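Trainee: here is a sequence with its predicted model. Questions after.
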Amino acid sequence: MGLFPAPRRVVTGHDDNGNAVYVDDKQIVPEPTGFDCDFAVLYETHQFPASNDKWEDPILESTKSLANGKGVVIRVVDFKPNTKTRFHRTMSLDFGIIFEGEMICYLDNGVELSLKRGDVCVQRGTIHGWENRTDKPARIYFVLTAADPVNVNGKLLTTAGFHDQEAESGGK
């Protein structure tokens, strides 16, 4: 068993008559990664705006990176007690919702901020990392949307701090 119960993912759609239906209802188990935490992609789109026409489960194919560059990814991340991720940056706009526990978000300039259950951290293409300094696990839900690289005085700040294969998940 993982650090927390596996989240339940419920997806709606339409039948052939246009009526609302549930097209999927299952638990998705986070898996170990190269980041000292467990990941599970709960849903992903590969275009923006997304198409709601046809139901095909996007997590049947593995997600190749933290952000997919074309759409939206929602991922649950379970952090073990007393662990720290390395600095990383994605070319995305990220919304991190602290669901359980307490986490430190730290930036490359040494600034740290403590986030607790119910807090939301919006990452705008910055180099950052996460640290769980407690003896209890923590869970964050992340929604990552595709974004252009940050441009600072003509220098593009692109993806850094990880290899795609370390972040690959899903594909069941």
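Mentor: Structure received.
Trainee: tell me where this protein has helices.
Mentor: Secondary structure of the chain (DSSP state H): helices at 164-167.
Trainee: can you list the low-confidence ranges for it?
Mentor: 1, 62-65, 162-172 (pLDDT under 70).
Trainee: partners of the closest residue to residue 43 other than its chain neighbours in the sheet?
Mentor: Leaving out its chain neighbours, the residue that sits closest to residue 43 by CB to CB, 6 or more residues apart in numbering is residue 74, at 5.1 Å. For the C-beta atoms, the positions are set from N, CA and C on the backbone; glycine is no exception. Per DSSP bridges, the residues bridged to residue 74 are residue 43, residue 143.
Trainee: any idea how far residue 74 is from residue 51?
Mentor: 17 Å (CB to CB, to the nearest Å).
Trainee: who are the neighbours in contact with residue 94?
Mentor: 67, 121-123, 142-145 (CB atoms under 8 Å, 6 or more residues apart in numbering).
Trainee: more neighbours, residue 74 and residue 51?
Mentor: Using other CB atoms under 10 Å as the criterion, residue 74 and residue 51 rank with residue 74 on top: 18 against 9.
Trainee: from memory that one sits against residue 41, does it?
Mentor: Yes. Assessed by CB atoms under 8 Å, residue 74 is found in contact with residue 41 at 7.3 Å.
Trainee: residue 42: neighbour count?
Mentor: 20.
Trainee: make 47 the starting number, not 1.
Mentor: With 47 as the first residue, the last one maps to residue 88.
Trainee: distance of it from residue 123?
Mentor: Taken as CB to CB, the span from residue 88 to residue 123 is 11 Å.
Trainee: same deal with residue 113?
Mentor: 13 Å.
Trainee: how about residue 107?
Mentor: From residue 107 to residue 123 the distance is 20 Å (CB to CB).
Trainee: who's more crowded, the two?
Mentor: residue 123 (23 against 14).
Trainee: is it true that that one touches residue 183?
Mentor: No. In this structure residue 123 lies outside contact range of residue 183 using CB under 8 Å: 10.7 Å.
Trainee: find residues that contact each of these two.
Mentor: Common neighbours of residue 123 and residue 183 (CB under 8 Å, 6+ apart) do not exist.
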